[in-house]
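K.L.:
Give the three-dimensional model of this entry:
(one chain, ligands or ions: 1)
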Amino acid sequence: MTNYIFKDGVKRNITIGKLVCLARTYKKHAEEMNSEVTEDPVLFLKPASSVIFNGESIVVPKISKCLHHEVELGVVIGKKCKNVSKKDALDHVLGYLLALDITARDIQSETKKKGWPWSIAKGFDTFAPISDVVLKKDAPDPNSLDISLKVNGEIKQSSNTNNMVFSVERIIEFISQIMTLEPGDLIMTGTPEGVGEIKTGDVLEAELGDICSLKVNVS
Ligand code: MG
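P.N.:
Okay, the predicted model is just below:
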């Protein structure tokens, strides 16, 4: 059980809960994966045990030969919600962060072919680096934030959350129809185009507007 770290330096006892992740939420990323954007978001879960923080290291698992970076807007839930409407969705948000949805792409490709779940490809320890949380009151509109990722100083992903197929409000509404969202749960809203391979020794630096940043390496 691990608590979030907050950008304002205040220690709050908010434990990281379930990580609810979306796929194919940016049209250009769906295209680069030869996937289609669907009417409802595609969902999967990552374990909270995969979280690491600023300055820590992604560990390459022995059974994968191809890890990919996916930079994403993270939404931290502050109030329990079930069947919430779009109109009320943001009332249940505590804040926002930058997340990397590290993916063993070779394992995911195999499981996609077989129709198996993605839990192995997405669930290794260290596969969810997250930044400090910026409180909602200190963040601008989550649907209009620049998001970018550099690997070894070179820009690999650069987009804006206004390119998402679904608004943050719609995402919360949709997930809360399926599972109760509880304080400390983290929604990883999916990645824009430009995903690619990372290798031992790489340094990953992500930015979300000018509100938060994240720097990790691959060990
Ligand atoms: Mg992702």
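K.L.:
Please report phi then psi for the residue of the chain found nearest the ion.
P.N.:
Proximity of the chain to the ion (C-beta to the ion) peaks at residue 101, 3.3 Å away. Every residue, glycine included, has its C-beta placed from N, CA and C. Residue 101 adopts backbone torsions of phi -90, psi 80, taken as degrees, to the nearest 10.
K.L.:
lowest-confidence helix or strand of the protein?
P.N.:
helix 27-32 (a mean of 88; mean pLDDT, DSSP states H and E).
K.L.:
so what pLDDT did residue 36 get?
P.N.:
Note for residue 36: predicted pLDDT of 82.
K.L.:
count of residues packed around it?
P.N.:
10 (other C-beta atoms under 10 Å).
K.L.:
Who are the contact partners of it?
P.N.:
24, 30 (C-beta atoms under 8 Å, 6 or more residues apart in numbering).
K.L.:
I'd like the numbering to begin with 173 instead of 1 from here.
P.N.:
Taking 173 as the first residue, the last one we looked at is residue 208.
K.L.:
how about it, secondary structure?
P.N.:
coil (DSSP: H, G, I helix; E, B strand; the rest coil).
K.L.:
neighbours of the closest residue in space to residue 231 that isn't next to it in sequence, just the number please.
P.N.:
Computed as C-beta to C-beta, 6 or more residues apart in numbering, the closest residue to residue 231 that is not its neighbour in sequence is residue 298, at 4.7 Å. When counting by other C-beta under 10 Å, one arrives at 20 neighbours for residue 298.
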